[in-house]
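In: give me a model of this one.
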Amino acid sequence: MEWKLELVVVPVSDVDRAKAFYLEQVGFNLLIDYRAGDDFRVVQLTPPGSACSIALMKNLEAPGSLQGLHLVVSDIDAAHGELAARGVVVSEIFHFESGQQVPGPDPERSDYGSFLSFSDLDGNGWLVQEVGRTGPVA
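Out: As a prediction, this is how the structure comes out:
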């Protein structure tokens with residue numbers, strides 16, 4: 001039996017504002033924006049190349065409470081540049097040594113070794129990690 005994670009609910013204070021952030025700044029693709037009356041709305045977006053989507057859910061009691069979602073990219077430098085160019089407040093690239101966060105990419109450029117982080121407008125926290133780097137190390 002296969003178990004596939006296909007959807008993660010992201011709690012936000014303003015669905016329209018969050019939708020614009022994930023579409024225009026992070027670069028996700030819109031799958032669904034469906035309304036059924038004034039109180040029901042489903043906005044589902046997917047990172048390019050991902051089999052898992054996010055659903056934006058208005059939650060005034062816990063916006064920003066989701067932390068530690070991971071996105072995987074093959075080039076952490078390009079991902080950093082793209083997010084910054086789109087206006088996302090993004091951390092510098094970092095790695096870990098002896099359990100401590102250290103500036104800069106992993107010196108070996110090992111899979112799962114280099115990271116950056118960003119948060120959406122409500123404070124939901126994301127990590128981006130490099131896996132399957134292609135091309136020469138700069």
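In: strand partners (parallel or antiparallel) of the strand or helix carrying residue 43?
Out: Using DSSP states H and E, residue 43 sits in strand 41-46. Sheet pairing for strand 41-46, assigned by DSSP bridges, gives strand 29-35 (antiparallel), strand 53-58 (antiparallel).
In: run the chain-centre distance for the shortest one.
Out: On the basis of C-alpha atoms, centre = their mean, to the nearest Å, the separation between the geometric centre of strand 53-58 and that of its chain is 12 Å.
In: quick check: mean pLDDT of it?
Out: If you average the pLDDT over strand 53-58, you get 95.
In: flag every buried residue along it.
Out: Within strand 53-58, the residues that count as buried by 16 or more other C-beta atoms under 10 Å are 53-54, 56-57. Every C-beta, even on glycine, is put in place using the N, C-alpha and C of the backbone.
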